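Student: fold the following for me, if possible:
(one chain, ligands or ions: 1)
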Amino acid sequence: MSGGVDSSVAAKLLAERDYDLSAVFMRNWDTRDESASDIGCQWEKDWEDVQRVCRILDIPCSVIDLHRQYWTKVFEPSLSSWQSGSTPNPDVWCNKEVKFGALLRQLTRDSEVLWLATGHYARKDWQECTRAHSIRPRLLRARDATKDQTYYLSSIPENGLSRALFPLGELQKTQVRCLAAESGLPTAVKEESMGICFVGERRKFSDFLSQYIPPNPGPIIDMTTCQQIATHEGLWNYTIGQGAKVRGCKTRMFVAKKDPKENAVFVVPGSFHPALYVNTIHVENFSWIWTDSFPDDLQTCGMKAQIKYRHCMECEGCVVYRNEHGLRIMLDAPQKGIAAGQVATLYLGDWCLGCGIIDGAEFTS
Ligand SMILES: Nc1ncnc2c1ncn2[C@@H]1O[C@H](COP(=O)(O)OP(=O)(O)OP(=O)(O)O)[C@@H](O)[C@H]1O
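Tutor: Okay, the predicted model is just below:
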């Protein structure tokens, strides 16, 4: 339980059924690691909320400190990715490495058969596999499409998914808030947490990163003239597809490309410039949730699927091809804002198949 309304209601729904329940709160970030100690993760406040809810539901709760695992498995790799100009998504790796990784391993040590329930908006079902004579878990999109969190869960391996319970998968967020209020849970009116918790909501992301990554100045180049028009302080301050403040430039410039070798940022004038659009995505190490089996037509022709490369967006139609390097994903329509380091998640309808990190994207005719 995180101290938010979603996991409070997930716990409430399970408490009404015949489970031997206990709650765990993970402490993933040590606020003392930060120089600005009044902002960032207010984990003590969240832990208090978990305890208040558990008292009402009459279930035991405890804290597990996983901040070291979070630091080494999630934060440090994300830092080096930002430093090299990529756009990582730490929340995706937190689910794989921490919640359904370190936490599940630690809890399983004490108990043989264990389910890990979360307040994620996602569903799960079991599919019979005649080939393997077994049933296997499928990760499915939530009924509330606006809250669906399968993008964040797409990295968890099959054995983690098989132990997962998502009690909110069939519910709308509005229903969840009503259930919390009806049960008098103090988290019923708690605001949604936004963004990565340790960054805090009042701080600029680039200011946060500058605490960990030293400046690395390089050229900002206008792609249309091939001229350097300014200097940047580090590739991590720029996101593909976003506006780039360039001093002295009358036209609004947008980031079309980052070149880590040259430490250069390439910009173009206007948010609809053709250089911002791509239709081909390359993913080298795609992790299928079912590692040993993936759809047959991927081997032969292309597989028609849908792709998400950011959480807050619709799925785009695509055709997926396998080659010696990994996957080549052809989008049905060109898109902008696709960057190396982002997580690409594939779906067949509601079924989430897995994800991989984008190595590159381009426009091919
Ligand atoms: N610190 C934590 N300790 C234990 N579980 C957590 C923690 N943070 C997140 N979770 C679990 O992961 C789920 C998804 O977390 P996330 O922060 O992405 O979503 P959320 O919509 O803000 O959920 P909530 O309203 O429960 O905080 C939570 O509902 C909870 O079950």
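
Student: what does this structure put close to the ligand?
Tutor: Neighbours of the ligand within the chain, by C-beta under 6 Å from any ligand atom: 1-2, 4-7, 24-26, 28, 118-120, 193. The way it works is simple: take the backbone N, C-alpha and C, and place the C-beta from them, glycine included.

Student: most widely separated two among those residues?
Tutor: Farthest pair in these (C-beta to C-beta) is V5 and N28. Separation: 19.3 Å.

Student: contact partners for the closest residue to G119 other than its chain neighbours?
Tutor: Excluding its sequence neighbours, the residue lying closest to G119 (C-beta to C-beta, 6 or more residues apart in numbering) is D6, at 3.1 Å. By C-beta atoms under 8 Å, 6 or more residues apart in numbering, D6 lies in contact with 119-121, 168, 176.

Student: okay if I get these as CSV plus neighbour count?
Tutor: Below are the contacts of D6 laid out as CSV (neighbours: other C-beta atoms under 10 Å):
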residue, neighbour count
G119, 20
H120, 25
Y121, 26
L168, 28
V176, 24
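
Student: the ligand: which of those is nearest?
Tutor: Taking C-beta to the nearest ligand atom as the measure, the ligand lies nearest G119 of the contacts of D6, at 2.5 Å.

Student: please tell me I have it right and the closest one contacts L13.
Tutor: No: G119 is beyond contact range of L13, at 9.8 Å (criterion: C-beta atoms under 8 Å).

Student: what is in contact with these two at once?
Tutor: Common neighbours of G119 and L13 (C-beta under 8 Å, 6+ apart) are 167-168.

Student: quick one: mean pLDDT for the host helix or strand of L14?
Tutor: L14 belongs to helix 5-15 when assigned by DSSP states H and E. Average pLDDT, helix 5-15: 97.

Student: from the residues of the chain next to the ligand, which ones fall inside helices?
Tutor: Among the residues of the chain next to the ligand, DSSP state H puts 5-7 in helices.

Student: what is the burial count for the residue of the chain found nearest the ligand?
Tutor: Relative to the ligand, the nearest point of the chain is G4 (2.1 Å; C-beta to the nearest ligand atom). Using other C-beta atoms under 10 Å as the criterion, G4 is surrounded by 20 other residues.

Student: my read: it touches P186, true?
Tutor: No: in this structure, G4 is not within contact of P186 by C-beta under 8 Å, at 11.3 Å.

Student: any shared contact partners between these two?
Tutor: D49.

Student: who touches E97 in this structure?
Tutor: So E97 contacts 69-70, 73-74 (C-beta under 8 Å, 6+ apart).

Student: out of those, who's nearest K257?
Tutor: Using C-beta to C-beta, the contacts of E97 come closest to K257 at V74, 27.1 Å.

Student: tell me the centre residue of the chain?
Tutor: V92 (3.3 Å; C-alpha atoms, centre = their mean).

Student: where's that one, which helix or strand?
Tutor: Assigned by DSSP H and E, V92 falls in helix 90-94.
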